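Asks: Have a look; sequence and predicted model below, questions after that.
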Amino acid sequence: MTIKLYNTKTRQKEVFKPLVDGKASMYVCGPTVYERAHLGNARPVLVFDMLYRLLRHEYGAENVQYVRNFTDVDDKINARAAQTGRPISEITDETIGWFLDDMGALGALEPTDMPRATAYIAPMIAMIEDLIANGHAYAAEGHVLFKVRSYKDYGKLSGRSVDDMIAGARVEVAPYKEDPMDFVLWKPSSDDLPGWDSPWGRGRPGWHIECSAMAYKLLGAAFDIHGGGNDLTFPHHENEIAQSKCAGHDFANVWMHNEMLQVEGKKMSKSLGNFFTVRDLLEQGVPGEVIRFVMLSTHYRKPMDWTEKKREEAVSHLTRWRASLSQRTAGTIDPEIVSALSNDLNTPLALVRLHALWKSGQQSDLDSMAASLRFMGIDPALPSVDPFDEEPQVGYGLTSGDRETIEAIFTHWNGLKKEKNFEAADLIRKQATEMGLDLQKWLVSINGEDAVNPLILSTDKLRDLRESLK
Ligand SMILES: Nc1ncnc2c1ncn2[C@@H]1O[C@H](COP(=O)(O)OP(=O)(O)OP(=O)(O)O)[C@@H](O)[C@H]1O
Ligand SMILES: [Zn+2]
């Protein structure tokens, strides 16, 4: 199937043509590891996980290479180590473990490569040396800086001119810079900070060169897709492009950016302090697939909020679906869902289609719905229990409250029959059947499974029926 992706670079949706026929390669900027991932950090993970799944579907799992890095050398990590007195490696190892656990709980597949920046210092140094040799970078006072004005296309990705950027940006003016726009490729490290020997003395890399070097080392000079949040478009991705192009690499063909997860209209971020972590949600009992379902309900190029209402709706859909989908393994992925996802990852449309398959209720549609949910990273066999519903669920997602309601209706119906009021009894039986409850079967049913039809069960309406009988 033709895949179309919106390319930030050209500002349009384009037919995706891999550089090598039948294979796809992707690099996504990963987290700086010093703190638990917040819900915003999960958004790019889930967006590009969906793309990864789609590419694997199209080209075969063995033909897709997906690199997502860990930035494990950074001033924020150094600051955290200084604050806590803990060794850096302990902090970064622990955070990487958390990240993989938390994203795994959201059903994200692990990328094929997860390089840590500190394992790629030599390729970074080599690339910086090339940039100096080509006249695109210079060393000064133990630093190496990239000459932004030496790259004529600087600003093309984000659509800004260098002069506008200087006027608007918080560029750091430093005595060793030839131009305030120049950015750091390498900086000196004091003895108490992580450092590596280099031609410019003991030091550590700047953030941007890390991604350029790891992408080059693992994917080569040219690859298909580069992704990340749209907060990275400028300056991080602009700088990655400048470095890689000036080192003679073609670099990424398609640039994709997810919009932000917001809290009251502002980006959820560590620096603003308006965040909660994925782990917070999981510990509150919100299942990972509920988080994933909510994320899929908004297109990746639109900002989104996490709301209670969305959580509740996701729980309610998944709970109902699970009852009749969990055992289904025979189906194949629905072509309309593949088609929606192939159109620039239209996940909301894919969800609309899931609802349509559910509504149809036909065996083959339900089979293909189960297969499609699995394809989208949601296992219909997993329990999606509403954590805020304190009552344990029994049978087909029936709470003990539901069972009490059903028992009351049943007793009333039985009473009418004993009184030989068959007309009234029949009316109640018909009403109950319409709501998904078979009163005849309830009598012999062990835990309600034979007596309720999960496809049409409406516990709300059953409660209304019970009220009307009082
Ligand atoms: N609110 C958000 N919505 C969607 N993606 C986000 C959000 N915040 C960060 N990201 C993405 O998460 C990844 C990791 O980002 P990073 O480690 O810089 O975290 P951060 O929360 O943005 O940090 P800070 O708040 O200090 O800026 C990046 O791809 C980034 O684009
Ligand atoms: Zn990056």
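Replies: Alright, I've got the coordinates. Ligands and ions are numbered 1, 2, ... in the order given.
Asks: which residues touch N258?
Replies: R43, P44, V47, F48, G227, G228, G229, N230, Y300, R301 (Cβ atoms under 8 Å, 6 or more residues apart in numbering). Where you see a C-beta, it was placed from the backbone N, CA and C, and this is true even at glycine.
Asks: What residues does this structure have near ligand 1?
Replies: Residues of the chain lying close to ligand 1 by Cβ under 6 Å from any ligand atom are 29, 31-32, 38, 40-41, 43-44, 228-229, 231-232, 258, 260-261, 267-271.
Asks: make it 5 Å
Replies: For the chain, the residues in contact with ligand 1 (Cβ under 5 Å from any ligand atom) are 29, 31-32, 40-41, 43-44, 228-229, 231-232, 260-261, 267-271.
Asks: the bottom helix or strand of this protein by mean pLDDT?
Replies: Lowest on mean pLDDT, DSSP states H and E among the helices and strands of the chain sits strand 393-394, with a mean of 42.
Asks: burial of the residue of the stretch 251-400 of the chain found nearest ligand 2, as a residue count?
Replies: Nearest to ligand 2 in the stretch 251-400 of the chain, going by Cβ to the ion, is A252, at a distance of 10.6 Å. Neighbourhood size, A252 [other Cβ atoms under 10 Å]: 25.
Asks: beta partners for it?
Replies: Taking DSSP bridges as the rule, A252 bridges to F223.
Asks: contacting residues around it?
Replies: Counting by Cβ under 8 Å, 6+ apart, A252 has contacts Y27, A215, F223, D224, I225, H226, I241.
Asks: three-state assignment of the second one?
Replies: Spelled out, that is A215. helix (DSSP: H, G, I helix; E, B strand; the rest coil).
Asks: can you list the weak-confidence ranges in the stretch 251-400 of the chain?
Replies: 382-398 (pLDDT under 70).
Asks: which residues of it fall in helices?
Replies: 278-283, 288-296, 308-325, 335-342, 347-360, 363-375, 400-418 (DSSP state H, counting those that start in this stretch).
Asks: I would like the residues contacting the fourth one, please.
Replies: To tie it back to what came earlier, the one meant is helix 335-342. Against helix 335-342 from outside (Cβ under 8 Å, 6+ apart): 1-4, 50, 54, 57-58, 346-347, 349-350, 352-354, 372, 375-376.
Asks: Helix 347-360 and that helix, what's the angle between them?
Replies: If you take axes from the mean of the first three to the mean of the last three Cα atoms, to 10 degrees, helix 335-342 sits at 170 degrees to helix 347-360.
Asks: Just the buried residues of helix 335-342, please?
Replies: By neighbour count with 16 or more other Cβ atoms under 10 Å, helix 335-342 contains the buried residues E336, I337, V338, A340, L341, S342.
Asks: mind checking how far the fourth one is from Q362?
Replies: Same thing as A340. According to Cβ to Cβ, to the nearest Å, A340 stands 20 Å off from Q362.
Asks: same check, this time on the third one
Replies: According to Cβ to Cβ, V338 stands 19 Å off from Q362.
Asks: swap in the last one?
Replies: Using Cβ to Cβ, S342 is found at 24 Å from Q362.
Asks: quick one, longest helix in the chain?
Replies: Secondary structure of the chain read by DSSP state H shows that its longest helix is helix 39-59.
Asks: And the contacts of the helix or strand just after that one?
Replies: Using DSSP states H and E, the helix or strand that directly follows helix 39-59 along the chain is strand 64-68. Residues from elsewhere that reach strand 64-68 (Cβ under 8 Å, 6+ apart): 23-30, 45, 48, 52, 55-56, 111-115, 214-215, 218-219.
Asks: What remains of those if I keep only buried residues?
Replies: 24-30, 45, 48, 52, 55-56, 111-112, 115, 214-215, 218-219.
Asks: What parts of the stretch 101-250 of the chain come near ligand 2?
Replies: C211 (Cβ under 5 Å from the ion).
Asks: one more time with 6 Å
Replies: For the stretch 101-250 of the chain, the contact set with ligand 2 under Cβ under 6 Å from the ion comprises C211, H236, E240.
Asks: and the longest helix of the chain, which residues are buried?
Replies: 39-59.
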